[in-house]
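Peer 1: no sequence on hand, only this structure:
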């Protein structure tokens, strides 16, 4: 079987999680791994373990444990839903999959800023997972001010760029074709 690792890349409220869940629903034997879920879990059950400052190492360790299990102990396609906006970080995240002969896919959400601003303003998402800011507006502002390199084809086997939500169904169909090839 041709196992895939699909990584979503994009700013807050660009549609990464919505896409990942839709892909998981349509692509048999796939699992979404989303650090936001791990943050909610830790916040709900282990709040005292969450560092008040610095890196959220407990969240990263939890995610890495789940990723290692998914890679080594299942035959699932893996969908990584997170911002993944840093090239060095993306390459580091993808290395274990490359070592296990996964076919790698990045879906880059290059959504116009005015759309993101509108989504953030109307958002009903809980801010409980945020540690260093209090609103998603602050997250978006921080991301707009960061220097992040867009993914390139030299990072992965397949690269898709989503500029609006209408493109999502065709990207999902193409990824499923890749899984079946």
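Peer 2: That came in fine, so what should we check first? All values derive from a computational prediction rather than experimental measurement. Numbers count the residues shown, from 1 in each chain.
Peer 1: what are the ranges of the helices in the chain?
Peer 2: Assigned helices in the chain, in chain order: 16-26, 35-45, 57-73, 87-99, 113-122, 136-145, 168-180 (criterion: DSSP state H).
Peer 1: what sits up against the third one?
Peer 2: So that's helix 57-73. 31, 33, 35, 38-39, 41-42, 46, 49-51, 76, 78, 80, 96-97, 100, 102 (CB atoms under 8 Å, 6 or more residues apart in numbering). Using the backbone N, CA and C atoms, a C-beta is placed for each residue, glycine as well.
Peer 1: list buried residues within these.
Peer 2: 33, 35, 38, 39, 42, 76, 78, 80, 97, 102 (16 or more other CB atoms under 10 Å).
Peer 1: quick one: list the elements packing against the lowest-mean-pLDDT helix or strand in the chain.
Peer 2: One helix or strand of the chain scores below all others by mean pLDDT, DSSP states H and E: helix 136-145, with a mean of 85. Using 3 or more CB pairs under 8 Å, 6 or more residues apart in numbering; DSSP states H and E, the elements in contact with helix 136-145 are helix 113-122.
Peer 1: could you list the low-pLDDT ranges of this protein?
Peer 2: 1 (pLDDT under 70).
Peer 1: let's see 80
Peer 2: 1, 83, 126-134, 147 (pLDDT under 80).
Peer 1: so which pair among the buried ones among the contacts of helix 57-73 is furthest apart in space?
Peer 2: 42 and 102 (27.1 Å; CB to CB).
Peer 1: re earlier: just send the helices of the chain back as CSV, with distance to residue 161 too.
Peer 2: Converted to CSV, those look like this (distance: least, CB to CB, whole Å):
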stretch, distance to residue 161
helix 16-26, 12
helix 35-45, 22
helix 57-73, 25
helix 87-99, 15
helix 113-122, 15
helix 136-145, 17
helix 168-180, 9
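Peer 1: who touches residue 146 in this structure?
Peer 2: Residue 146 neighbours (CB under 8 Å, 6+ apart): residue 85.
Peer 1: before we move on, back to that, just the closest of the buried ones among the contacts of helix 57-73 to residue 171, please.
Peer 2: For those, the nearest to residue 171 is residue 80 (15.4 Å; CB to CB).
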